[in-house]
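Colleague: Okay, here's the prediction I keep looking at, along with the sequence it came from:
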Amino acid sequence: MISTRMTCSPGRSTRTAARARRRSPVAEALRLGTLDARLFFHAGMIHRALGEHDRAREALSRALALNPRFHLLHAQVATSVLAELQARR
């Protein structure tokens, strides 16, 4: 039987390790200076899901600033989620 349990280094919880893995491809692309509105949109949605609302606002704002019509559906989602996050301030 194959184990589906994640392994972690000592002192790190499974949840923390999972968060680090989810963030790393986005963090790496952003670190490299990628200017892709779709990337910032997805980064913003990930940050929102993780409860990192300030970072979500920054990423979604950047996506819309780069190209307010970057995707037929995602641009509308970014606008509404950003408005929701701004209202929470």
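Modeller: Right, received. Where do you want to start?
Colleague: for the nearest residue to Phe70 once chain neighbours are set aside, what are its contacts?
Modeller: Leaving aside its chain neighbours, Phe70 sits nearest to Ala37 (3.5 Å; criterion: CB to CB, 6 or more residues apart in numbering). Placement of C-beta: from N, CA and C, glycine included. Shown in contact with Ala37 (CB atoms under 8 Å, 6 or more residues apart in numbering): 62-64, 66-67, 70-71, 75.
Colleague: repeat for Ala59
Modeller: So Ala59 contacts 40-41, 43-44, 47 (CB under 8 Å, 6+ apart).
Colleague: Let's see that with 7 Å instead.
Modeller: Contact analysis of Ala59 by CB atoms under 7 Å, 6 or more residues apart in numbering lists 40, 43-44, 47.
Colleague: what's the answer for Val81, then?
Modeller: 48, 60.
Colleague: per-residue confidence at it?
Modeller: Here the pLDDT value assigned to Val81 is 98.
Colleague: So it: helix, strand or coil?
Modeller: helix (DSSP: H, G, I helix; E, B strand; the rest coil).
Colleague: Which stretches in this structure count as helices?
Modeller: 14-31, 37-49, 53-66, 74-88 (DSSP state H).
Colleague: looking at the ones you listed, which is buried most?
Modeller: helix 37-49 (a mean of 20; mean count of other CB atoms under 10 Å).
Colleague: For that one, what is the distance to the chain centroid?
Modeller: 3 Å (CA atoms, centre = their mean, to the nearest Å).
Colleague: then that helix to PDB, C-alphas only?
Modeller: The C-alpha trace of helix 37-49 is given here as PDB (Å, rounded to 0.1, in the frame of the first residue of the first chain):
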ATOM      1  CA  ALA A  37      -1.200  39.400 -14.600                       C
ATOM      2  CA  ARG A  38      -2.500  35.700 -14.500                       C
ATOM      3  CA  LEU A  39       0.400  34.800 -12.200                       C
ATOM      4  CA  PHE A  40      -0.500  37.700  -9.800                       C
ATOM      5  CA  PHE A  41      -4.200  36.700  -9.900                       C
ATOM      6  CA  HIS A  42      -3.400  33.100  -8.900                       C
ATOM      7  CA  ALA A  43      -0.900  34.400  -6.200                       C
ATOM      8  CA  GLY A  44      -3.700  36.600  -4.900                       C
ATOM      9  CA  MET A  45      -6.200  33.800  -4.700                       C
ATOM     10  CA  ILE A  46      -3.700  31.500  -3.000                       C
ATOM     11  CA  HIS A  47      -2.900  34.200  -0.400                       C
ATOM     12  CA  ARG A  48      -6.600  34.800   0.100                       C
ATOM     13  CA  ALA A  49      -7.200  31.100   0.700                       C
END
